[in-house]
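Asker: sequence first, predicted model second:
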Amino acid sequence: MSFIFSTHPLHRDAEAMLKTAGDLRVASAPDPETLLREGEGAEIVIVRAPIPPAFFKEAPALRAAVRHGAGLDMIPYDAATAAGVLIANVPGVNAPTVAEHVFMVTLALLRQFRPMDRDLRSRGWSAGRAHSDRSLDLGGRTMGIIGMGNVGKAVFRVAKSGFGLEIVANSRSPESLPGGVRFLSVDDLVSTADIVVLCCPLTAETTGLLSRERIARMKPGAILVNVSRGPVVDDRALVEALETGRIGGAALDVFSAQPLPLEHPYLRLDNVIVTPHLAGITEESMRRMGTGTAAEVIRILEGGLPVSLRNPEVVEHYRRRFPA
């Protein structure tokens, strides 16, 4: 029976699918040592935590690493490919969920939700109501989207059709931008947008993309929303801009260090909303991601290639290891 190893529990529907295809085992903890020990001999690893490169060494049974979601930064691409292991993901399935999160936190910042809610509860009606003097409409503003993949496009659709916002964007493929989006360089985008939304993948090019210099170019009162990855942003520069009121606020779902340390400055700032990397997680999205992942796992175990194969150059090596 095929050994399927998952770094985390999965949606019950996904687990039911996988248990018909093999022996599904879930790691007792997601740290590298536990993953290496408990995942030894696996044919498939389902990835919801960073996988150490050593996982792919001396792993003759390992066929594939399947990402439960879209981002591939948790899978060491070079190590997997060198070992002849397929890399797959389920892109786009949680994009509508992430887009909903973007607008939830954007509106909460514009309408002063955190300080209003706190003061209403602790100091009474008038104290909470006083925050309305500084609250702002979302309509009529310009949103800048950096990264126009599945998430970026989902954010665009809501922004344009739901709120009538002007949209500017930056993407590695400007020709793929939907109609109604104006392409700008990153420098021009951050100086133009009232709300900057980071939706880009973490790569060598995007690490540190929102640098101190670019944060300084943002409009006074602008808002930053990060549903990308933490290292895309210069944390120290962002904290300084928030503490001094240089920009209006930030909503951050991802961080350079996760879990976020309890003493981090983000946690004491009223103009910051922090969430624990859950923008794409709801009951519905977990089911979509889980069953999509399970379908790819079953396809691979039955001898096929994944629909969303991310390292196609590995196929020849893989077929030598596992002939169809």
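Answerer: On my side now, so go ahead. Residues are numbered from 1 along each chain as shown.

Asker: can I assume residue 151 is in contact with residue 98?
Answerer: Yes: contact criterion C-beta atoms under 8 Å: residue 151 and residue 98 qualify, at 4.9 Å. Glycine gets a C-beta too; all of them are placed from N, C-alpha and C.

Asker: which neighbours do those two have in common?
Answerer: Shared contacts of residue 151 and residue 98 (C-beta atoms under 8 Å, 6 or more residues apart in numbering): 199, 227.

Asker: more neighbours, those two?
Answerer: For the pair residue 151 and residue 98, the greater number of neighbours falls to residue 151 (31 against 23), based on other C-beta atoms under 10 Å.

Asker: send me the strand or helix carrying residue 155 as PDB with only the CA atoms.
Answerer: In the assignment (DSSP states H and E), residue 155 maps to helix 150-157. C-alpha atoms of helix 150-157 as PDB (Å, rounded to 0.1, in the frame of the first residue of the first chain):
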ATOM      1  CA  ASN A 150      -4.700  33.900  -9.700                       C
ATOM      2  CA  VAL A 151      -4.900  35.900  -6.400                       C
ATOM      3  CA  GLY A 152      -4.100  39.300  -8.100                       C
ATOM      4  CA  LYS A 153      -6.800  38.700 -10.700                       C
ATOM      5  CA  ALA A 154      -9.400  37.700  -8.000                       C
ATOM      6  CA  VAL A 155      -8.600  40.900  -6.100                       C
ATOM      7  CA  PHE A 156      -8.900  42.900  -9.300                       C
ATOM      8  CA  ARG A 157     -12.400  41.500 -10.100                       C
END
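
Asker: residues near residue 14, how many?
Answerer: Number of residues near residue 14 (other C-beta under 10 Å) recorded here: 25.

Asker: what ranges does this protein have for its strands?
Answerer: 3-6, 23-26, 44-47, 64-67, 86-88, 142-146, 166-170, 181-183, 195-198, 223-226, 249-252, 272-274 (DSSP state E).

Asker: columns mean pLDDT and mean neighbour count on top of those, output as a markdown table?
Answerer: A markdown table is the format used below for the strands of the chain (pLDDT from 0 to 100; neighbours: other C-beta atoms under 10 Å):
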| stretch | mean pLDDT | mean neighbour count |
| --- | --- | --- |
| strand 3-6 | 98 | 23 |
| strand 23-26 | 98 | 16 |
| strand 44-47 | 98 | 27 |
| strand 64-67 | 98 | 27 |
| strand 86-88 | 98 | 24 |
| strand 142-146 | 98 | 25 |
| strand 166-170 | 98 | 21 |
| strand 181-183 | 96 | 16 |
| strand 195-198 | 98 | 27 |
| strand 223-226 | 98 | 26 |
| strand 249-252 | 98 | 24 |
| strand 272-274 | 98 | 19 |
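
Asker: how about the ones you listed, which one is nearest residue 285?
Answerer: Closest approach to residue 285 among the strands of the chain is made by strand 64-67 (14.2 Å; C-beta to C-beta).

Asker: the closest one pairs with which strands?
Answerer: With DSSP bridges as the test, strand 64-67 is paired with strand 44-47 (parallel), strand 86-88 (parallel).

Asker: kindly export stretch 292-311 (C-alpha atoms) in PDB.
Answerer: Taking C-alpha atoms only, stretch 292-311 is exported to PDB below (Å, rounded to 0.1, in the frame of the first residue of the first chain):
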ATOM      1  CA  GLY A 292      -7.500  19.200  -5.400                       C
ATOM      2  CA  THR A 293      -4.300  17.900  -3.700                       C
ATOM      3  CA  ALA A 294      -5.700  14.500  -3.200                       C
ATOM      4  CA  ALA A 295      -6.700  14.200  -6.900                       C
ATOM      5  CA  GLU A 296      -3.200  15.000  -7.900                       C
ATOM      6  CA  VAL A 297      -1.800  12.400  -5.500                       C
ATOM      7  CA  ILE A 298      -4.100   9.700  -6.800                       C
ATOM      8  CA  ARG A 299      -3.200  10.700 -10.400                       C
ATOM      9  CA  ILE A 300       0.500  10.300  -9.700                       C
ATOM     10  CA  LEU A 301       0.100   7.000  -7.800                       C
ATOM     11  CA  GLU A 302      -1.900   5.600 -10.800                       C
ATOM     12  CA  GLY A 303       1.000   6.300 -13.100                       C
ATOM     13  CA  GLY A 304       0.100   9.700 -14.500                       C
ATOM     14  CA  LEU A 305       1.600  13.100 -14.300                       C
ATOM     15  CA  PRO A 306       0.100  15.900 -12.300                       C
ATOM     16  CA  VAL A 307      -2.100  18.500 -14.000                       C
ATOM     17  CA  SER A 308      -0.200  21.300 -12.300                       C
ATOM     18  CA  LEU A 309       3.300  20.000 -12.800                       C
ATOM     19  CA  ARG A 310       5.800  22.700 -11.800                       C
ATOM     20  CA  ASN A 311       9.100  21.100 -12.800                       C
END
